[in-house]
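Q: Need a 3D model of the following:
(2 chains)
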Amino acid sequence: MNKRQREFVLPEKEARELFKKHSRRAFLTAGIATAAAVGGYEWMRSRPQENMAPWPERRVLRVNEAIAKSYLSDGRLAPTYSTSKIGKLKPNGTYGLDDDVDAESWRLQVATGGPALTLTLDDIKALPRVTQIVKLHCIEGWSTVVQWTGARFADFTRKYFPPGQSLPNYVYMETPDSNYYVGLDTKSAMHPQTLLCYERNGNALEDEHGAPLRLVIPVKYGVKSIKRVGLIRYTNTRPPDYWAEQGYDWYIGL
Amino acid sequence: MQKVRLKHLLAIRWFHWVNFPVLFLMIWSGFLIYWANDVYHIAGFHFFPAWVYNLLHMNYRLADGMALHFFFMWFFVLNGIAYVSYTIISGEWRYLVPQSLSAFRDAWHVMLYDVGLRRELPPQEKYNAAQQISYTGIVAMGIGSFLTGLAIYKPIQLAWLTWLFGGYEFARLIHFSLTIGYLLFFLVHVAQVIRAGWRNFQSMITGLELEPPSEAAHE
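A: Numbers count the residues shown, from 1 in each chain, chains lettered A, B, ... in the order given. Okay, the predicted model is just below:
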């Protein structure tokens, strides 16, 4: 068949034969394509799982992550809002908050690769105090505006990470009881709006929001903003992450 | 003599049939995601009642839905870009895009014809005006889904885009509404395909249409 030509006027018998021949071939192709699509899908979904997601899905999530990382910039800031836009924040998730911790007895362990550090809340408060009103995006799909006050993780790192050493690729944080933990790429952690936060809407953090110190990382879904940080570790191995182990994307950058 | 017509080009048929399961998976995974914050109502109808989720086993599958959505988004977007590029390069767009504003009047007449209130169809080329508007509209919807999807996927890195769609919440609402739009399109589309009959449906698979032998040929 000529590619350009779209009409063929033929004797009836030949026309029918041409039509039949091409139809047979097309239906055969359609059948094979359908089987391949269904088979391909079933194959993909039945692959061995990595952290509760089939590995092909994990691989694509990693590709998406690589693209998002190349685009991530400290220059692109989460929009900030006026105080009138502050909304209600429901305390979603209490993992890692079961123990009784008060601001006096609480300590922050820091593992930099150098000598281990143990810090108090006053050490964090001694860092430049930053207040920001930004949107919290929950992975469930809702969002709300919150005012956070704390120290930039970048300032914290500049002060406590050994000078002269290159910064590892990842940051790991966990609650004092180790029941909740997040893994972060260092670039997102060092974003100027990532805070180690001790106040919400002008008051000291409530227990259910992660007292005495929590992470606030607006460039990620809320699940990465770990409440009640007990340990911070700089590491070159990709750290485990509570929700990533439940089938969620590890990176979830916004 | 009898005429065999190449009605649908091979590439167009492929784009169409690739899009069908891919869009289905995007809608399905989208609803798995939506379940986690299913806040939309219209005139007392809740999207969606609990029995829908239960029937289709859609509960507690947010992670599954997100992974699927961010997997198949590539197929959806690349196939969409290929389709639109092809219609432009091949010139096929001329049949698909309404050529003047009178298309809206003609489309109205087509609808009246379809429901039996008019005797004759307005003159048309390959597609009637109602089809042109639908097939152009569905591409615009696809572009809308892509852009609002990006706006809620990367609301910080693409904050300008999110702002353009009226903010995160509104972008999410548009993204959802477009999905409902696809379901409505699908209902009408399938009804029309059934009405048009097997020969028409077949041509979307084979590309060919065998026209009845002309009277002249019988003489």
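Q: contacting residues around the residue nearest to the spatial centre of chain B?
A: Nearest to the geometric centre of chain B sits residue B:138, at 4.4 Å (Cα atoms, centre = their mean). Contacts for residue B:138 (Cβ atoms under 8 Å, 6 or more residues apart in numbering or on different chains) come out as B:182, B:185. Using the backbone N, CA and C atoms, a C-beta is placed for each residue, glycine as well.
Q: now stretch A:91-102, how far from the centre of its chain.
A: 21 Å (Cα atoms, centre = their mean, to the nearest Å).
Q: does the residue nearest to the centre of chain B sit in a helix, a strand or a coil?
A: When classified by DSSP: H, G, I helix; E, B strand; the rest coil, residue B:138 comes out as helix.
Q: how much space between it and chain A?
A: 21 Å (Cβ to the nearest Cβ, to the nearest Å).
Q: Any residue of stretch B:122-131 touching chain A?
A: No: using Cβ under 8 Å from any Cβ of the partner chain, stretch B:122-131 never reaches chain A; the gap is at least 10.3 Å.
Q: List every C-alpha atom in that stretch, with coordinates, as PDB.
A: C-alpha atoms of stretch B:122-131 as PDB (Å, rounded to 0.1, in the frame of the first residue of the first chain):
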ATOM      1  CA  PRO B 122     -24.300  19.500   9.000                       C
ATOM      2  CA  PRO B 123     -21.800  19.000   6.200                       C
ATOM      3  CA  GLN B 124     -18.500  17.600   7.500                       C
ATOM      4  CA  GLU B 125     -15.200  16.200   6.500                       C
ATOM      5  CA  LYS B 126     -13.600  13.200   8.300                       C
ATOM      6  CA  TYR B 127     -15.000  14.200  11.700                       C
ATOM      7  CA  ASN B 128     -18.200  16.100  12.500                       C
ATOM      8  CA  ALA B 129     -18.000  19.300  14.600                       C
ATOM      9  CA  ALA B 130     -19.000  17.600  17.800                       C
ATOM     10  CA  GLN B 131     -16.200  15.100  17.300                       C
END
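Q: for it, what is the average pLDDT?
A: The average pLDDT within stretch B:122-131 is 85.
Q: now stretch A:74-89
A: On average, stretch A:74-89 scores 94.
Q: End to end on it, go ahead and measure it.
A: 26 Å (Cα to Cα, to the nearest Å).
Q: Any residue of it touching chain B?
A: Yes: against chain B, stretch A:74-89 shows contacts by Cβ under 8 Å from any Cβ at A:76, A:77, A:78, A:79.
Q: which SSE is residue 25 in?
A: Just so you know, I chose chain A. If you go by DSSP states H and E, residue A:25 is part of helix A:12-45.
Q: ah, no, chain B please
A: Counting by DSSP H and E, residue B:25 is found in helix B:10-34.
Q: does the helix or strand following that helix come close to chain A?
A: Once the chain leaves helix B:10-34, the next helix or strand it forms, by DSSP H and E, is strand B:41-42. No: Strand B:41-42 is not in contact with chain A by Cβ under 8 Å from any Cβ; minimum separation 15.1 Å.
Q: just stretch B:73-88 next, same as before
A: Yes: residues of stretch B:73-88 contacting chain A under Cβ under 8 Å from any Cβ: residue B:74.
Q: Count residues in the vicinity of residue A:56, would you?
A: Residue A:56 is flanked by 16 other residues according to other Cβ atoms under 10 Å in any protein chain shown.
Q: From residue B:66, how far off is it?
A: Residue A:56 sits 15 Å away from residue B:66, going by Cβ to Cβ, to the nearest Å.
Q: sorry, back to before: list only those of the residues of stretch A:74-89 next to chain B flagged as buried.
A: A:77, A:78, A:79 (16 or more other Cβ atoms under 10 Å in any protein chain shown).
Q: Next, the contact list for the last one, please.
A: Right, residue A:79. A:134, A:135, B:156, B:159, B:163.
Q: can you redo these as a markdown table with pLDDT and distance to residue B:174?
A: A markdown table is the format used below for the contacts of residue A:79 (pLDDT from 0 to 100; distance: Cβ to Cβ, whole Å):
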| residue | pLDDT | distance to residue B:174 |
| --- | --- | --- |
| A:134 | 97 | 23 |
| A:135 | 97 | 18 |
| B:156 | 95 | 19 |
| B:159 | 95 | 16 |
| B:163 | 97 | 13 |
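Q: quick one: which of those residues is nearest residue B:44?
A: Among the contacts of residue A:79, residue A:135 lies closest to residue B:44 (Cβ to Cβ), at 29.9 Å.
Q: Show only the entries of the residues of stretch A:74-89 next to chain B found in strands.
A: Assignment to strands by DSSP state E places none of those there.
Q: among these, which are in helices?
A: In helices, defined here by DSSP state H, there are no members of those.
Q: what residues are up against the nearest residue in space to residue B:135 that is not next to it in sequence?
A: Spatial nearest neighbour of residue B:135, excluding adjacent residues (Cβ to Cβ, 6 or more residues apart in numbering or on different chains): residue B:96 at 5.1 Å. Listed by Cβ under 8 Å, 6+ apart, the contact set of residue B:96 reads B:87, B:127, B:132, B:135, B:136.
Q: again with residue B:158
A: Counting by Cβ under 8 Å, 6+ apart, residue B:158 makes contact with B:150, B:151.
Q: Quick one: mean pLDDT over the helix holding residue B:25.
A: 97.
Q: how about the nearest residue to the residue of the stretch 51-200 of chain A found nearest chain B, chain neighbours excluded?
A: For the stretch 51-200 of chain A, the residue closest to chain B is residue A:141, as judged by Cβ to the nearest Cβ, at 3.2 Å. What sits nearest to residue A:141 in space, not counting adjacent residues and going by Cβ to Cβ, 6+ apart, is residue B:37, at 3.2 Å.
Q: Pretty sure that neighbour sits against residue A:139.
A: No: contact criterion Cβ atoms under 8 Å: residue B:37 and residue A:139 do not qualify, at 9.5 Å.
Q: Which secondary structure state does the nearest residue to residue A:208 once chain neighbours are set aside sit in?
A: In space, and not counting its chain neighbours, residue A:208 is closest to residue A:91: 3.7 Å by Cβ to Cβ, 6+ apart. With three-state DSSP as the basis, residue A:91 sits in coil.
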